[in-house]
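Colleague: Mind looking at a prediction? Sequence and model below.
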Amino acid sequence: MAWNIALLICCLVAMVRSNPTDVDCSRRQDFNDCCAYPTFRFDEFKAPCGKYMPVGAPRISPCLYECIFNATNTFLDGAINPDNARMMLEKLFGNNHEFLEAYYNGIMSCSDTVQEMMNNRRTRPQSKTEQCSPFAVFYAVCAQKYVFNHCPSSSWSGKESCEMVRLQNMNCPRTISSRGSGHRLL
């Protein structure tokens with residue numbers, strides 16, 4: 001048993017140290033069940049943002065994320081306010097400190113990526129009732145990618161396929177996973 005664990009550790013170290021040019025960026029990877037994400041507590045924002053949380057509907061909405069950012073003053077004076085971002089994440093995660101820190105570090109490292117996403121976004125026709133910016137949801141997408149790449153070890157599956165996805169995610173900037181597709185968002 002100990003030999004198998006040692007072999008697995010050696011293989012994982014070799015994969016992590018592999019040359020980024022060895023990563024096939026054209027191959028789509030399945031990253032489901034790689035990181036056991038916590039349950040997000042959106043109900044903490046029911047009072048100010050409930051109209052963007054219809055029962056039975058997906059919660060990935062630019063308006064919901066914009067509302068949460070506004071309700072917590074996470075974005076102030078053209079930048080992420082670190083204290084307010086932490087407060088927002090505390091409401092979303094409660095006492096799950098590993099994920100709170102991972103998402104916090106992700107959000108705090110995303111400003112350049114979000115700016116690039118904003119500059120490169122395709123304009124979509126918006127309904128008259130929903131005039132929301134994708135800005136906050138772009139932060140969620142970026143933070144989600146960061147958390148996948150830095151998933152707490154207690155929540156990481158360690159499967160070889162997941163390690164390959166992580167290598168792809170970290171070395172292939174234009175893969176599907178780099179846009180957050182398939183990940184649950186904040």
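Modeller: Arrived safely, thanks for sending.
Colleague: Isn't residue 111 up against residue 82?
Modeller: No - the pair residue 111 / residue 82 is not scored as a contact, 11.7 Å apart, by Cβ atoms under 8 Å. In this view, the C-beta of every residue, glycine as well, is placed from N, C-alpha and C.
Colleague: For stretch 101-121, C-alpha coordinates in CSV please.
Modeller: Below are the C-alpha coordinates for stretch 101-121, written out as CSV (Å, rounded to 0.1, in the frame of the first residue of the first chain):
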residue,chain,number,x,y,z
GLU,A,101,-9.2,31.7,1.2
ALA,A,102,-9.0,30.1,-2.2
TYR,A,103,-11.8,32.2,-3.6
TYR,A,104,-10.5,35.3,-1.9
ASN,A,105,-7.0,34.8,-3.4
GLY,A,106,-8.7,34.2,-6.8
ILE,A,107,-10.7,37.3,-6.7
MET,A,108,-7.8,39.4,-5.6
SER,A,109,-5.7,38.1,-8.5
CYS,A,110,-8.3,38.5,-11.2
SER,A,111,-8.3,42.2,-12.1
ASP,A,112,-6.1,41.9,-15.2
THR,A,113,-8.0,38.8,-16.4
VAL,A,114,-11.4,40.5,-15.9
GLN,A,115,-10.3,43.6,-17.7
GLU,A,116,-9.2,41.4,-20.6
MET,A,117,-12.5,39.6,-20.6
MET,A,118,-14.4,42.9,-20.5
ASN,A,119,-12.3,44.2,-23.5
ASN,A,120,-12.9,41.0,-25.5
ARG,A,121,-16.5,40.3,-24.7
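Colleague: which parts of that stretch are buried?
Modeller: For stretch 101-121, burial by neighbour count (16 or more other Cβ atoms under 10 Å) applies to 101, 102, 103, 104, 106, 107, 110, 113, 114, 117.
Colleague: Please apply the same query to stretch 76-92.
Modeller: Within stretch 76-92, the residues that qualify as buried by neighbour count (16+ other Cβ under 10 Å) are 80, 81, 84, 85, 86, 88, 89, 90, 91, 92.
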